[in-house]
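Participant: This is a predicted model, with the sequence first.
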Amino acid sequence: MPEFETVIGLEVHVELLTNTKLFCGCSTAFGADPNTQVCPLCLGLPGGTLPKLNEKAVEYTIKAAMALNCRIADEITFDRKNYYYADLPKGFQISQFFQPTGRDGYVEIHLDGRSKKIGIHQVHLEEDTGKLLHMGDIISSPYSRVDFNRAGVPLIEIVTEPDIRSPEEARLFLQKLRSILRYIAISDCKMEEGSMRCDANISIRPAGSKELRTKTELKNMNSFRAVFRGIEYEVERQRSVVMEGKEVIPQTRHWDEAKGITKAMRSKLVSANYRCFPDPNLPPYKLPAEWLEEIRKSIPELPDSRYSRFTGEYGLPPYDAEILTASREIADYYEAVLTGYNEPKSVSNWIMSELLRLLNSTNTGINDCKIKPEDLGKLLQMIDKGTISGKIAKGVFEEMFATGKKPEDIIKEKGLTQISDEDTIAKIVDSVLAGNPGSVEDYRKGKNKALGFLVGQVMKETKGKANPQLVNKLLKEKLDR
Amino acid sequence: MNNRSYSARQLKEQIKNKSLSPQELSSSIISLCNSVQEKYNAFISIDPDIISKEIEALFDDKLKVGDNAPLFGFSYSLGDNIATSGYVTTCASKMLSTYKPPLDAHVFLKLKENGAIIIGKTNMEEFGIGCSGESSYFKGVKNPWNTKHTAGNGAAAAVLTGVVNFSLASDVRGELRQAASYCGVFALKPTYGRISRRGLLDSASSLENIGLMAGNTMDLAAALTAVAGHDPHDVTSLRSEAPDYISLLEGNSKELQAAVPENWQDAPYLEDELKDIFQGQLKKLEELGIKIHFVQLPHFQHSSLTATIISAVEAFSNLANYDGVRFGYRAEGRHLQEMYTLTRSEGFSSKLKKFLTFGALVSSAKYYNDYFLKAQKLRSVITKELEDCLQRYDLLLTPTTPFRAPGPGILPGREELPDPAGYYTAAANLAGLPALTYPLHTKGLPYGLQFTGKKEDELTLLKAALLLENENTLAFPNFDFNNQGV
Ligand SMILES: [Zn+2]
């Protein structure tokens, strides 16, 4: 069987977090009743207002293009893509065809311990379309209704080079892209709500070949998992078409999540005639160097740079660094804890195992976490000082997570301070030894397991508060005597 | 001086000294409107209630219209592709025959502020494209000089008959100036962006402007002063503030240098009589101190074709929203595609459909580079050529149209692209330059003399027109509407 190489390019649409639409003052809030966030302009009514560019949207696009390492144009244009569809009120979509905001960037992904750059062909700004609503599915619905709330909402489109070689790389790329765009806070990138949408151009070719073969465009993948599964299926499908000696037909295909298959939608050639030309109502828009500089300065440290700092400066394993830097808020939280307690690996362990577990199980975002970073630092210091044991600390941590109380208050309230007084523990050890002669006998016969049992008995007597090192030491002393 | 001068100022006096009652004024204006409508089909909408209310307001001291408002006593009309929320705004199309726009156009609001009274919405070619009198859903406008010929549009007929002091209409490839030439009135298409396009239901946004028509230069200047200026809601509007043209016109003018394309006689369908008249005008201008220079403008001759291609593509895109989904005419179809097709087949005239099809064709993947892209390049060349010429001279002088108002069986170049009527006018649209047409009343139908000026320099054009107007005696016909005139 011949070896095939998979060639994937992605087109990712991301809704920007602006308050208003791209060319009018209508709200962009998600989830409003249909057609309540519209005006004559975004409905395409004759004799309404003229388009006025939302500068925030331009700023966000520049920010994204910079974060994706693109060259930024010094002048951008807005062009019309002309086609008819019921969700397109003006009969054209305003996009950037001739002078996109950013070109020639890249995103770095980490795969099997090595890193790989995925080229970004361009980043441009455009307006979203409306949304067709159907009774049930599109085929059996007796009519279509249109909701224009989304029409005119600013989107950026990120087009990659055909550098992606597997479904896993596609998934990693998207996750990294989401992480970067969330770092710069220009989009919430929720695939499920449609604020991040991904189409994939997929083709296969004999391994070693350099030419690009006929591709299909895959749409309707509404989660990272769907992107992975959809591409995986489509690659397999193309492989079997080729193996049967047939040709791959250029077409747009839909991912059917429920059935786990891709289905042909329309021939790609039909829609290629967009008659693009500069929108005569929107003159070319200059991007002054000072403005670009200002925007560049506002970009925070991005995941890649943080990742190398976390692995270098803090000596974290790549796995920890990847997880901690995937979200800007978690990375910020992590570093905030470090300012009060400078033990990078120990803090990482606590965040990754305890904090993220509780956040996930309670479906809480890090911003709503009740534990202040400095309190987590204090808690860890108390373990080091022997004020409480690690085991007790976990209980205190859960209490902090639920109530937001300070660790010292919880410890005081519940009397959880560790017993580190030798005399007190010695007395308890004596009484445990006296009460368990059988175990003492076993230990002396060489059964080390008996020691663990006796430690447990002491801890039980002290409700877990006894300093475990001290208990061990005293028990051994007394038994070995 | 001419017999259309200062009628608004006389009216202002009559209102001030109350020698006229609002009822008398309203009924005379309304009956004049009705006569003009009956005879020439100049209007699409006339609303006697709106006219009466506006006139009452003129007489009412409590209402805001002060008699010091610059256009107090002026009456005007708007082309029916300029949005008015109070009147249907049809673009002379079946597609919009009952459509009321959501907002008023910028120019309408400005004129209201300045005290002018709107008389009605004038007839035109469908969506303001062309001037041949063929495509209005409401039928063509008859030329008051000779009703067998077209007036070009209702705006020109309304000014000519004196039912309004001035009128506003759009100019894509020269329609405003062509109609003014056909009717023998003054018209000015200002610099692109001088007048806000907000509320213009335009077919070709990069070429199209709102322009003005009037019976004399001073009325033209007064109306321009009222509507010109930056509009923050139109990003294509000029940043610079417009001057007060009236006060600037009073000053003395320097000697003007005028350029004439040396091959001006190459226009297809150029009438022989016009050749003599134009040459006579050049002599007259020299006598008046305007120096004539013949210049080479090798690409000027392609301006009509270039503008036709660009305007057809833009119209194809601009009118794509007429799909029957959200407003306007809608045909029933069994599915979306059929509804679109029937709506546009039935809602647009065959002339417009041909034009839009041409636009779709020249911008299609197959012809994009050879036609649309080439036209865009030619546009830059023509613009550069004109700008260079106007660096050296104050204005460019040409006839306005190669022929007079088309009549029965006389429609030069009917089946041709480019539109031969735009031979001299389209260049100003391509380059966004101001252009003015001055009426030449001759035996029979009138001609027009066109001045094209530097960017933002409407003043020089007005000065040249005033110079001619003061030297010539323009004789507007006296229209006898059974003694119902004001
Ligand atoms: Zn809107």
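Facilitator: Sure, I can see it. This is a predicted model, so every value here is computed, not measured.
Participant: Quick check, central residue of chain B?
Facilitator: Centroid-nearest residue in chain B, with Cα atoms, centre = their mean: residue B:176, separated by 2.5 Å.
Participant: Show me how chain A divides into domains.
Facilitator: A:4-290, A:301-414, A:422-479 (automatic domain parsing).
Participant: Would you tell me which of these gets closest to chain B?
Facilitator: Of all these, domain A:4-290 sits nearest to chain B, with 2.3 Å by Cβ to the nearest Cβ. Backbone N, C-alpha and C define where each C-beta goes, glycine included.
Participant: Mind listing what's buried along the helix or strand where residue B:30 lies?
Facilitator: For residue B:30, the host element (DSSP states H and E) is helix B:22-40. Across helix B:22-40, burial judged by 16 or more other Cβ atoms under 10 Å in any protein chain shown covers B:22, B:25-27, B:29-37, B:40.
Participant: shaky segments in the stretch 51-200 of chain B?
Facilitator: Residues of the stretch 51-200 of chain B meeting the criterion pLDDT under 70: B:61-67.
Participant: ranges for the helices of it?
Facilitator: For the stretch 51-200 of chain B, helices defined by DSSP state H, counting those that start in this stretch occupy the ranges B:106-113, B:154-161, B:175-183.
Participant: Now render these as a markdown table, adding distance to the ion.
Facilitator: Shown next, in a markdown table, are those (distance: least, Cβ to the ion, whole Å):
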| stretch | distance to the ion |
| --- | --- |
| helix B:106-113 | 18 |
| helix B:154-161 | 32 |
| helix B:175-183 | 31 |
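Participant: Relative to residue A:338, which of those is closest?
Facilitator: Proximity to residue A:338 (Cβ to Cβ) singles out helix B:106-113 among the helices of the stretch 51-200 of chain B, at 59.3 Å.
Participant: ok, now how distant is residue B:257 from the ion?
Facilitator: The spacing between residue B:257 and the ion, counted by Cβ to the ion, to the nearest Å, is 49 Å.
Participant: same check, this time on residue A:153
Facilitator: From residue A:153 over to the ion the distance is 10 Å, taken as Cβ to the ion.
Participant: how deep is that residue tucked in, by neighbour count?
Facilitator: Neighbour count of residue A:153, defined by other Cβ atoms under 10 Å in any protein chain shown: 25.
Participant: In chain B, which residue sits closest to the ion?
Facilitator: The ion sits closest to residue B:102 of chain B, with a gap of 11.3 Å, by Cβ to the ion.
Participant: nearest spatial neighbour of that residue, skipping sequence neighbours?
Facilitator: Here the nearest residue to residue B:102 in space, its sequence neighbours aside, is residue A:40; by Cβ to Cβ, 6 or more residues apart in numbering or on different chains that works out to 4.4 Å.
Participant: what do you get for residue A:455?
Facilitator: Spatially, and ignoring its direct neighbours in sequence, residue A:455 is nearest to residue A:471 (5.6 Å; Cβ to Cβ, 6+ apart).
Participant: Wait, a helix at that neighbour?
Facilitator: Yes - counting by DSSP: H, G, I helix; E, B strand; the rest coil, residue A:471 is part of a helix.
Participant: what's near enough to touch it?
Facilitator: Counting by Cβ atoms under 8 Å, 6 or more residues apart in numbering or on different chains, residue A:471 touches A:425, A:429, A:455, A:458-459.
Participant: Can I get those residues in JSON lines including secondary structure, pLDDT and distance to the ion?
Facilitator: Putting these into JSON lines (DSSP: H, G, I helix; E, B strand; the rest coil; pLDDT from 0 to 100; distance: Cβ to the ion, whole Å) gives the following:
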{"residue": "A:425", "secondary structure": "helix", "pLDDT": "85", "distance to the ion": "74"}
{"residue": "A:429", "secondary structure": "helix", "pLDDT": "87", "distance to the ion": "78"}
{"residue": "A:455", "secondary structure": "helix", "pLDDT": "87", "distance to the ion": "71"}
{"residue": "A:458", "secondary structure": "helix", "pLDDT": "86", "distance to the ion": "72"}
{"residue": "A:459", "secondary structure": "helix", "pLDDT": "85", "distance to the ion": "67"}
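Participant: Is it possible to get those residues out as a markdown table so that each row also shows neighbour count and distance to residue A:317?
Facilitator: Shown next, in a markdown table, are the contacts of residue A:471 (neighbours: other Cβ atoms under 10 Å in any protein chain shown; distance: Cβ to Cβ, whole Å):
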| residue | neighbour count | distance to residue A:317 |
| --- | --- | --- |
| A:425 | 22 | 37 |
| A:429 | 25 | 39 |
| A:455 | 18 | 32 |
| A:458 | 23 | 36 |
| A:459 | 18 | 32 |
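Participant: okay if I get the helices of the stretch 51-200 of chain B as TSV plus distance to residue A:49?
Facilitator: What follows is those, written out as TSV (distance: least, Cβ to Cβ, whole Å):
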stretch	distance to residue A:49
helix B:106-113	10
helix B:154-161	24
helix B:175-183	24
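Participant: and of those, who's closest to residue A:256?
Facilitator: Proximity to residue A:256 (Cβ to Cβ) singles out helix B:106-113 among the helices of the stretch 51-200 of chain B, at 50.7 Å.
Participant: if we can go back for a sec, need the pLDDT of the residue nearest to residue B:102.
Facilitator: pLDDT recorded at residue A:40 is 95.
Participant: For it, grab the count of nearby residues.
Facilitator: Other residues near residue A:40 number 17, with proximity taken as other Cβ under 10 Å.
Participant: In contact with it: list those residues for me.
Facilitator: Residue A:40 makes contact with A:47-49, B:101-103 under the criterion Cβ under 8 Å, 6+ apart.
Participant: a helix runs through it, doesn't it?
Facilitator: No - looking at residue A:40 with three-state DSSP, it is coil, so not inside a helix.
Participant: Please identify the buried residues of stretch A:328-344?
Facilitator: For stretch A:328-344, a neighbour-count test (16+ other Cβ under 10 Å) marks A:328, A:330-335, A:337-338, A:340-341, A:343-344 as buried.
Participant: how about residue B:24, what does it touch?
Facilitator: For residue B:24, the contact set (Cβ under 8 Å, 6+ apart) is empty.
Participant: Low-confidence regions, the stretch 201-350 of chain B specifically.
Facilitator: In the predicted model of the stretch 201-350 of chain B, residues B:252 satisfy pLDDT under 70.
Participant: what is residue A:81 paired to in the beta sheet?
Facilitator: On the basis of DSSP bridges, residue A:81 is bridged to residue A:93.
Participant: So which residues of chain B form strands?
Facilitator: Here chain B has its strands, by DSSP state E, at B:43-45, B:75-79, B:117-122, B:142-143, B:146-150, B:166-171, B:186-189, B:209-214, B:256-261, B:290-295, B:395-399, B:435-440, B:447-453.
Participant: Same check on the stretch 201-350 of chain A?
Facilitator: Using DSSP state E, counting those that start in this stretch, the strands found in the stretch 201-350 of chain A span residues A:216-221, A:251-256, A:261-267, A:277-278, A:285-286.
Participant: and the last one, what does it pack onto?
Facilitator: By that I understand strand A:285-286. Applying 3 or more Cβ pairs under 8 Å, 6 or more residues apart in numbering or on different chains; DSSP states H and E, one finds that strand A:285-286 contacts strand A:75-76.
Participant: Lovely, talk soon.
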